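Chemist: give the three-dimensional model of this entry:
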Amino acid sequence: MKFKVLFISSVSACFEMDNLSPYYAGESYDVYVNEEKTLENITTNVFSLYDLKPDTGYTVRVGEDSVSFTTNKESACIDVKDFGAKGDGINDDTEAIQQAINVCPKDGRVVINEGTYLIRPVQLKSRMTLDLKEGAVLLGDTKEEDYPVLPGEIDDPNTNEKVQISSFEGTPMPCHKSLISAYYVRDLIITGKGIINGNADKSTWWENVKTRKIGRPRLMFLSNCKKVTVHGITGMNSASWNFHPFFSKDISFLDMQVKAPSNSPNTDGTDPESCDGVNYIGVRFSVGDDAIAIKSGKMYMGMKYKTPAKNHLIRNCLMEYAHGAVVLGSEMSGGIKDLTVSQCLFVHTDRGLRIKTRRNRGKYAVVDGVEFSNIRMENVKAPLVINMFYNCDAFENREYLQSREPQKVDDTTPYLGKFTFKDMVCEDCEWAAGYFYGLPEQPIGEVKIENIEFSFKEDALEGKPAMMDDAEVLRKAGLVFHNVKKVELKNVKMTGQNGEEVVKEGVLDYESD
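Modeler: Got it, this is the predicted structure:
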């Protein structure tokens, strides 16, 4: 069984099996470290080792294949209990943990051993490792007043420019400081089998979410960071989005879990915003909103910074009980490009692969050349959705934004180019196999669907595939296209649908084998 190394720290390592099976390996396997059986009956394609020794050589074997590596050196190892942390879930351990981080030398490691550590917001720094051991829980304080409010922007007197500090849903705005945060940090590692629990289910964060004037904290906010790896941990019960990389580069999330109740508001698994190079490999999501939502700011941010989300890779992930499994937008005014999603499993999500935008997102809101492949969906209500009339938040001039009549193409008009969906199996669909709705004045450029099987649940419920005004209510519909320049279907199989397999309106060029 072939496999490769994804990541090495001073005390941990992550590996990925070389196969085409989405998320699960297809057959279980054992892992040997220096010829000693260390992991048994592993079923996932991504696996990890922990509690390794720094600057030490190891050989890992799976079946007949093996790889050798040496763990990183480290300058120091600091236990937060040496700074007074109790880990009893009662006493406030914030200051002890923050002081341990503050004094940690470059390339040092701060260790959180087994215990429950009650904390207020904690801030990380460059060239350190935060090691959350198995049984360790960082538990968020439940009092809102213990989360300082940060301004959305501040003035730089040297340049007369704005400096972004806090953002929520694509717009600079005052926000409560996140439970774990890092600003302008480089070479940061967060690893281990421990848990970061935002504790929002025991707080008031999920109440009155539509009327709040100050953004709720994220579980982890990474602002303008470079080369950060989050490995192994479980993130859960965030006040809002769980993991939010913001204008950052070279960020990886590996072999970890992100969890929140299915009815918790805005608890997206992760929302990389205007980032370059974000990897999600072996991550398991079960959240109250979208699992992965790729963003690049609303109108102001996109027009000012022109910073697209780009070079993102999503592979061997499992998405469960989310509104959308992999979502692009809707705050995408800076554009999205060079995205690859493959070898993933979606189960019980409302929508699978979902793109959402609307008029007024701006001329830099361009999404083009995106490919989704080798994906399995089970009990996903609408596997494929592209919607250019998204209506999920308050906005002015609703009549213009939601009108089905052609409008003028100008600097506020978004553009969706070519999308390729191929090599998928979608079982027990409910609302529709696919739903694509472009603007009449700016149709979706091209949708290519190849080597995909759709089948419908016999007792499927009806619903709205797209969140838009006057949205169609559908049940077991096939592929529905409105305002698409080119549609190409190749080797598409569909069973159990109501009516025609393909419904077209405003499609200029249609090909089907």
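
Chemist: which stretches in the stretch 251-400 of the chain count as helices?
Modeler: 299-305, 398-402 (DSSP state H, counting those that start in this stretch).

Chemist: mean pLDDT lowest where, among those helices?
Modeler: Among the helices of the stretch 251-400 of the chain, helix 299-305 carries the lowest mean pLDDT, at a mean of 88.

Chemist: which residues does it contact?
Modeler: Contacts to helix 299-305, defined as Cβ atoms under 8 Å, 6 or more residues apart in numbering, come from residues 167, 170-172, 247, 274, 296-297, 307, 332-335, 360-362, 364-365, 412. C-beta coordinates here come from the backbone N, C-alpha and C atoms, glycine included.

Chemist: just stretch 81-88 next, same as before
Modeler: The contact list for stretch 81-88 (Cβ under 8 Å, 6+ apart) reads 93, 95-97, 99-100, 112-117, 136.

Chemist: now do 7 Å
Modeler: Residues outside stretch 81-88 that contact it (Cβ atoms under 7 Å, 6 or more residues apart in numbering) are 93, 96-97, 99-100, 113, 115-117.

Chemist: and which of the residues you listed is nearest residue 14?
Modeler: Distance to residue 14, by Cβ to Cβ, is smallest for residue 113 among those, at 21.4 Å.

Chemist: wait, isn't that closest one in contact with residue 131?
Modeler: No - counting by Cβ atoms under 7 Å, residue 113 does not reach residue 131; the two are 9.0 Å apart.

Chemist: tell me which of the two has more neighbours.
Modeler: A count of neighbours by other Cβ atoms under 10 Å puts residue 131 above the other of residue 113 and residue 131, at 27 against 17.

Chemist: phi and psi next, for residue 99.
Modeler: Per-residue torsions, residue 99: phi -70, psi -40 (degrees, to the nearest 10).

Chemist: residue contacts, it?
Modeler: residue 83.

Chemist: over to the one 5 residues further on?
Modeler: Contacts were defined as Cβ under 7 Å, 6+ apart; by that measure residue 104 touches 76, 78, 110, 128.

Chemist: what is the longest strand along the chain packed up against?
Modeler: Longest strand of the chain, by residue count under DSSP state E: strand 477-495. Applying 3 or more Cβ pairs under 7 Å, 6 or more residues apart in numbering; DSSP states H and E, one finds that strand 477-495 contacts strand 432-437, strand 444-456, strand 502-512.

Chemist: would you mind putting those into TSV with mean neighbour count, mean pLDDT and distance to residue 206 alongside?
Modeler: Converted to TSV, the helices and strands packed on strand 477-495 look like this (neighbours: other Cβ atoms under 10 Å; pLDDT from 0 to 100; distance: least, Cβ to Cβ, whole Å):
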stretch	mean neighbour count	mean pLDDT	distance to residue 206
strand 432-437	28	98	30
strand 444-456	20	98	34
strand 502-512	14	97	39
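
Chemist: how near is residue 439 to residue 365?
Modeler: The gap separating residue 439 from residue 365 is 12 Å, by Cβ to Cβ, to the nearest Å.

Chemist: which one's more surrounded, the two?
Modeler: Taking other Cβ under 10 Å, residue 439 and residue 365 do not tie; residue 365 has more neighbours (30 against 24).

Chemist: my read: that one touches residue 332, true?
Modeler: Yes - Residue 365 is within contact range of residue 332, at 5.4 Å (criterion: Cβ under 7 Å).

Chemist: list residues touching both of those two?
Modeler: In contact with both residue 365 and residue 332: residue 357, using Cβ under 7 Å, 6+ apart.

Chemist: about what we covered before: now, of the contacts of residue 104, which are buried?
Modeler: 78, 110, 128 (16 or more other Cβ atoms under 10 Å).

Chemist: now name the helix or strand holding the first one.
Modeler: So that's residue 78. According to DSSP states H and E, residue 78 maps onto strand 77-79.

Chemist: next: the second one.
Modeler: Secondary-structure element containing residue 110, defined by DSSP H and E: strand 108-112.

Chemist: output that strand as CSV, nothing but the C-alphas.
Modeler: In CSV, the C-alpha atoms belonging to strand 108-112 read as follows (Å, rounded to 0.1, in the frame of the first residue of the first chain):
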residue,chain,number,x,y,z
GLY,A,108,10.2,26.1,20.8
ARG,A,109,7.2,24.0,21.8
VAL,A,110,4.5,24.9,24.3
VAL,A,111,2.8,21.7,25.7
ILE,A,112,-0.8,21.5,26.9
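
Chemist: that older thread, dump the helices and strands packed on strand 477-495 to a markdown table, plus distance to residue 292.
Modeler: Converted to a markdown table, those look like this (distance: least, Cβ to Cβ, whole Å):
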| stretch | distance to residue 292 |
| --- | --- |
| strand 432-437 | 19 |
| strand 444-456 | 21 |
| strand 502-512 | 29 |
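
Chemist: please identify which of those strands is closest to residue 316.
Modeler: Closest to residue 316 of the helices and strands packed on strand 477-495, according to Cβ to Cβ: strand 444-456, at 19.6 Å.

Chemist: just say which of the helices of the stretch 251-400 of the chain is most tucked in.
Modeler: Across these, averaging neighbours per residue (mean count of other Cβ atoms under 10 Å) puts helix 299-305 on top, at a mean of 19.

Chemist: before we move on, back to that, give me the packing partners of the strand holding residue 78, helices and strands only.
Modeler: Applying 3+ Cβ pairs under 7 Å, 6+ apart, one finds that strand 77-79 contacts strand 108-112.

Chemist: strand partners of the strand it packs on, parallel vs antiparallel please.
Modeler: Strand 108-112 sits in its sheet next to strand 77-79 (parallel), strand 128-132 (parallel), going by DSSP bridges.

Chemist: what's the first one in contact with?
Modeler: With contact meaning Cβ under 7 Å, 6+ apart, strand 77-79 is reached by 100, 104, 108-111, 113.

Chemist: span of stretch 458-471 from start to end?
Modeler: Start and end residues of stretch 458-471 are separated by 23 Å (Cα to Cα, to the nearest Å).

Chemist: how is the chain partitioned into domains?
Modeler: 3-70, 74-289, 322-513 (automatic domain parsing).

Chemist: now render these as JSON lines, adding distance to residue 313.
Modeler: Shown next, in JSON lines, are the domains of the chain (distance: least, Cβ to Cβ, whole Å):
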{"stretch": "domain 3-70", "distance to residue 313": "11"}
{"stretch": "domain 74-289", "distance to residue 313": "5"}
{"stretch": "domain 322-513", "distance to residue 313": "5"}
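
Chemist: residue nearest the centroid of the protein?
Modeler: residue 292 (2.7 Å; Cα atoms, centre = their mean).

Chemist: if I pick the closest residue to it other than its chain neighbours, what's in contact with it?
Modeler: Among residues not flanking residue 292 along the chain, residue 326 sits closest, at 5.1 Å (Cβ to Cβ, 6 or more residues apart in numbering). By Cβ under 7 Å, 6+ apart, residue 326 lies in contact with 291-292, 314, 341, 353.

Chemist: neighbours of residue 348, how many?
Modeler: 17.

Chemist: for residue 77, same thing?
Modeler: So residue 77, with other Cβ under 10 Å, has 15 neighbours.

Chemist: that one and residue 83, how far apart?
Modeler: 13 Å.

Chemist: let me know whether residue 146 touches residue 119 as I believe.
Modeler: No - counting by Cβ under 7 Å, residue 146 stays clear of residue 119, with 9.5 Å between them.

Chemist: who's more crowded, those two?
Modeler: residue 119 (24 against 15).

Chemist: state the mean pLDDT of stretch 114-131.
Modeler: Averaged over stretch 114-131, pLDDT sits at 98.

Chemist: again, but for stretch 386-397
Modeler: Mean pLDDT, stretch 386-397: 84.
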